[in-house]
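Engineer: sequence first, then the predicted structure:
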Amino acid sequence: MITSLQCMKEAGYADEADELIKEIIPDDRIKSIGYYSLVNPDEDDDDVIHEDENDDVKDEVRLKPWLDPSALASALQYWEQEDVSALEDTNFTWTPRLVCKIIRGLRSPETAWHFFCWVAQRPGFVHDIYTVSRIITKLARHGCVQLVDQLLFKIKREGMKLSFSTVRLIIDFYGFSRKGDVDLNIFHNMKTICGPLSRNSRLILYSYLLCLGIYNHPPQL
């Protein structure tokens, strides 16, 4: 690289070479780029450090890499109190998209549920249909019927509607878990849970129930 820049200068492109150097070399105010740490996170999210700190680094710019939801989910797999306390100290701005990604990355349904309940108490955050759908899918996959029932009650109470694809997944997971009675209950309450469905959509769900051996007589479609 140095040789190439020198050749550019010798060829009469000194200004262009200097401009290229400026683009390649980071801002000299940037001293380091660190990783997020759940144990010892930065105290705030300001780009410039406080004025009462060392004047020599007064204008130092501190950059942070993007938060990796998968890495964070991996660190929270056991939902230990020490990890939870560290997470509270980070003061993240929680968004539905971030919450969905973390729930997806958590292997344990119990940990996913603990996180779901915990983040609901974070200032400024409110669960929406996307986060609720994500946790319902996770819990249904592991046969957590009682928790799913709680969330379905929440959906009805708050007027939310699950997507057809989410309901289809729930029926699939419950069928594989041999929880046919729960599947039938969801099927019969589709209008409340999912809203009006087309005849084709209802036939698709019915075909799932038939394949799973849950329904053996035609429902009213």
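Structural biologist: Alright, I've got the coordinates. Numbers count the residues shown, from 1 in each chain.

Engineer: helix or strand with the lowest mean pLDDT in this protein?
Structural biologist: The element with the least model confidence among the helices and strands of the chain, by mean pLDDT, DSSP states H and E, is strand 30-33, at a mean of 42.

Engineer: quick one: the strands in this protein?
Structural biologist: Listed in chain order, the strands found in the chain under DSSP state E are 30-33, 61-63.

Engineer: so where's the protein shaky on pLDDT?
Structural biologist: 1-13, 16-66, 178-180, 212-221 (pLDDT under 70).

Engineer: if we go to 50?
Structural biologist: Within the chain, the set of residues satisfying pLDDT under 50 comprises 27, 29-65.

Engineer: so where do the helices sit in the protein?
Structural biologist: Counting by DSSP state H, the chain has helices at residues 2-10, 14-24, 69-75, 81-90, 96-105, 109-119, 129-141, 145-158, 164-176, 180-188, 190-194, 199-211.

Engineer: deepest in the core, which of the ones you listed is it.
Structural biologist: For the helices of the chain, the stretch with the most neighbours on average is helix 129-141, a mean of 21; neighbours defined as mean count of other C-beta atoms under 10 Å. For glycine as for every other residue, the C-beta is placed from the backbone atoms N, C-alpha and C.

Engineer: hmm, who's touching that one?
Structural biologist: 96-97, 99-100, 103-104, 106, 109, 112-113, 116, 147-148, 151-152, 154-155, 160-163, 166, 169-170, 173-174 (C-beta atoms under 8 Å, 6 or more residues apart in numbering).

Engineer: again, but for stretch 118-125
Structural biologist: Outside stretch 118-125, the residues touching it (C-beta under 8 Å, 6+ apart) are 84, 93-95, 99, 126-127.

Engineer: stretch 181-198 now?
Structural biologist: Counting by C-beta under 8 Å, 6+ apart, stretch 181-198 makes contact with 145, 152, 155-156, 161-164, 167, 170-171, 174-175, 202, 205-206, 209, 212, 214-215, 219, all of which sit outside it.

Engineer: one more time with 6 Å
Structural biologist: Outside of stretch 181-198, the residues within contact range by C-beta atoms under 6 Å, 6 or more residues apart in numbering are 145, 156, 161-162, 167, 171, 174-175, 214.

Engineer: can you redo those residues as a markdown table with distance to residue 139?
Structural biologist: Listed next are the contacts of stretch 181-198 as a markdown table, based on distance: C-beta to C-beta, whole Å:
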| residue | distance to residue 139 |
| --- | --- |
| 145 | 8 |
| 156 | 17 |
| 161 | 18 |
| 162 | 13 |
| 167 | 14 |
| 171 | 14 |
| 174 | 11 |
| 175 | 15 |
| 214 | 19 |
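
Engineer: and the two most separated of these?
Structural biologist: Spatially, the most separated pair among the contacts of stretch 181-198 is 161 and 214, at 23.3 Å (C-beta to C-beta).

Engineer: the more surrounded of these two?
Structural biologist: More neighbours sit around residue 214 than around the other of residue 161 and residue 214, counting by other C-beta atoms under 10 Å; the figures are 20 against 17.

Engineer: count of neighbours near the residue lying closest to residue 177 once chain neighbours are set aside?
Structural biologist: Leaving aside its sequence neighbours, residue 177 sits nearest to residue 143 (C-beta to C-beta, 6 or more residues apart in numbering; 4.1 Å). Burial of residue 143 is recorded as 16 neighbouring residues (other C-beta under 10 Å).
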